[in-house]
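Enquirer: Quick one, structure for this:
(one chain, ligands or ions: 2)
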Amino acid sequence: MRHFLTLKDFTKEEILEIIDLGLTIKKDLKNGIHKDYMPKKTLAMIFEKSSTRTRVSFETGIYQLGGHGLFLSNRDIHLGRGEPVKDTARVISSMCDMVMIRTFEHSKLEEFASYSKVPVINGLTDSYHPVQLLADYMTMIEYGVAEGAKVAYVGDGNNMTHSWMMLAAKLGFELRIATPVGYEVDSKILEETYALAKISGGKIFVSNNPQEAIRGATVVTTDTWASMGQEDEKEERIKAFAGYMVDDLMMCLAAKNAQFLHCLPAYRGQEVSDSVLEGHANIVFDEAENRLHAQKGLMVWLDRQR
Ligand code: CP
Ligand code: NVA
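Expert: Ligands and ions are numbered 1, 2, ... in the order given. The predicted structure is shown next:
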């Protein structure tokens, strides 16, 4: 049995296999072909933070695979009022076939997985958002920018950045990160990804210079400056991130026909200008839709490992 907690635990071949399976299931769906890959299987979806895409994609995805999703927010289950993680994990995994969790500390997800009898999927923690990267790379393949990618990430050193670092380190592409001083990526994760990148041939650069990161990039990406749980820091962050908005001037420095990705939700006028987001709306909303297809590939893949 395998869990999907970070991309660190997966080989390049496995990551590409999951995305490829997602693309096959997507093609079938577009042709009106429905296959019950997971008949009568249940997916418990625990949400300790808000969500639009993750909730809708997982719930729709498991249904389309022939199964059923249970939406469990903190208000619905006792986990939200102090029932231990290890008890919750043993109860839920004794009745359901798979669990997806969105929570704060990554260690909570790891604890849940260590007590779970069924595969556990990371639906976002403070440290990582790996399912988003499956959809992002699927989108890069579809738009022809996966091969020889030079990705620039401009913004906060957060769960999305760490996941981009893991993907670059595993698949072996170039990633240039620019964060403001004081908002850098986690140094331990950086060391880990440097070590993995040495094996894969990936290149990871970090700086405090967004222009330097974007120059010549074939894919540009960013994320909110204040993640879920950082609402109180919003004003202070807006000041600290001055000069980090991905706008048309910034995009001019990227390679010709460079693509722009955003995991969404986007805050126009902060990490991205309205014109850049709307100018790349096709790819950004295909990226959002690919959450559905990539995660269907992931669920089927994990189900087959059991
Ligand atoms: N990108 C993403 O995970 O979106 P939600 O927070 O809406 O799930
Ligand atoms: N970094 C953001 C991603 C949202 C999908 C957050 O954690 O809120």
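Enquirer: Ala89: how many residues sit nearby?
Expert: 23 (other CB atoms under 10 Å). To be clear about C-beta, it is placed using only N, CA and C from the backbone, and glycine gets the same treatment.
Enquirer: Please apply the same query to the one 10 residues further on.
Expert: Neighbour count of Val99, defined by other CB under 10 Å: 27.
Enquirer: Let me know the helix or strand that it is in.
Expert: Val99 belongs to strand 98-102 when assigned by DSSP states H and E.
Enquirer: So which elements touch that strand?
Expert: strand 42-47, helix 53-64, helix 85-95, helix 106-115, strand 120-122, helix 281-304 (3 or more CB pairs under 8 Å, 6 or more residues apart in numbering; DSSP states H and E).
Enquirer: Tell me the residues of this protein that contact ligand 2?
Expert: Residues of the chain lying near ligand 2 by CB under 6 Å from any ligand atom: Leu124, His129, Asn158, Asn159, Met160, Asp223, Thr224, Ser227, Met228, Cys263.
Enquirer: Could you find the closest non-adjacent residue to whatever residue of the stretch 201-306 of the chain ends up closest to ligand 1?
Expert: Relative to ligand 1, the nearest point of the stretch 201-306 of the chain is Cys263 (3.9 Å; CB to the nearest ligand atom). Here the nearest residue to Cys263 in space, its sequence neighbours aside, is Gln132; by CB to CB, 6 or more residues apart in numbering that works out to 4.8 Å.
Enquirer: Contacts only, for that neighbour.
Expert: Leu124, Met160, Ser163, Cys263, Arg291 (CB atoms under 8 Å, 6 or more residues apart in numbering).
Enquirer: Let's see which of those end up in helices.
Expert: Counted as lying in helices by DSSP state H, out of the contacts of Gln132, are Met160, Ser163, Arg291.
Enquirer: quick check, nearest of those to ligand 2?
Expert: Distance to ligand 2 across the ones in helices among the contacts of Gln132 (CB to the nearest ligand atom) is lowest for Met160, with 5.1 Å.
Enquirer: what's the span of stretch 264-283 from first residue to last?
Expert: Using CA to CA, to the nearest Å, the end-to-end distance of stretch 264-283 comes to 12 Å.
Enquirer: Which positions within it qualify as buried?
Expert: Leu264, Ala266, Tyr267, Gln270, Glu271, Val272, Ser273, Val276, Leu277, His280, Ile283 (16 or more other CB atoms under 10 Å).
Enquirer: and what of stretch 292-306?
Expert: By 16+ other CB under 10 Å, the buried positions in stretch 292-306 come out as Leu292, His293, Ala294, Gln295, Lys296, Gly297, Leu298, Met299, Val300, Trp301, Leu302, Asp303.
Enquirer: could I get those residues as CSV with pLDDT?
Expert: Below are these laid out as CSV (pLDDT from 0 to 100):
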residue, pLDDT
Leu292, 98
His293, 98
Ala294, 99
Gln295, 99
Lys296, 98
Gly297, 98
Leu298, 98
Met299, 99
Val300, 98
Trp301, 98
Leu302, 98
Asp303, 98
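Enquirer: Dump these into JSON lines; add distance to ligand 1 as well.
Expert: Shown next, in JSON lines, are the buried residues of stretch 292-306 (distance: CB to the nearest ligand atom, whole Å):
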{"residue": "Leu292", "distance to ligand 1": "12"}
{"residue": "His293", "distance to ligand 1": "14"}
{"residue": "Ala294", "distance to ligand 1": "12"}
{"residue": "Gln295", "distance to ligand 1": "11"}
{"residue": "Lys296", "distance to ligand 1": "16"}
{"residue": "Gly297", "distance to ligand 1": "17"}
{"residue": "Leu298", "distance to ligand 1": "14"}
{"residue": "Met299", "distance to ligand 1": "16"}
{"residue": "Val300", "distance to ligand 1": "20"}
{"residue": "Trp301", "distance to ligand 1": "20"}
{"residue": "Leu302", "distance to ligand 1": "19"}
{"residue": "Asp303", "distance to ligand 1": "22"}
